[in-house]
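**Q** 3D model of this:
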Amino acid sequence: AVAVARDFLGQSPFVLYLGDNLFQKGITRFFQAFTPGVSAVIALVRVENPSSFGVAVLEGERIVHLLEKPKEPPSNLAVAGVYVFTP
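**A** Here you go, the predicted structure:
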């Protein structure tokens, strides 16, 4: 989706929101976390079965790597389908 929209997006920050995820309280807090100096915000949710999802590897509060359906998950934080990026 990002590659297809590249010309339209130009040099603007953008949100990629996967259509199969809903957030009861909306996604405003992800926009608010996207402050100057932050190049990306990725929504994470705690899950009971992280090996069934893409999960985040964290250093402090920073996501340093994403692993798709790992056999031995490093966390229980699954990628939830909201991404805010700089160009």
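
**Q** Which pLDDT does the model give Asn76?
**A** pLDDT recorded at Asn76 is 96.

**Q** what's the distance between it and Phe23?
**A** Counting by Cβ to Cβ, to the nearest Å, the gap from Asn76 to Phe23 is 18 Å. Yep, even glycine has a C-beta here, placed from its N, CA and C like the rest.

**Q** How about Ala78?
**A** Between Ala78 and Phe23 the computed distance is 13 Å (Cβ to Cβ).

**Q** Doesn't Lys32 lie inside a helix?
**A** Lys isn't right for residue 32; it's Gln. Yes. Assessed with DSSP: H, G, I helix; E, B strand; the rest coil, Gln32 lies in a helix.

**Q** higher neighbour count, Ala78 and Phe23?
**A** For Ala78 versus Phe23, neighbours defined as other Cβ atoms under 10 Å are more numerous around Ala78 (21 against 15).

**Q** Could you tell me how many residues sit around the residue lying closest to the more buried one once chain neighbours are set aside?
**A** With sequence-adjacent residues excluded and distances taken as Cβ to Cβ, 6 or more residues apart in numbering, Ala78 is closest to Phe53, at 3.7 Å. Phe53: 20 surrounding residues under other Cβ under 10 Å.

**Q** Sweet, I'm off.
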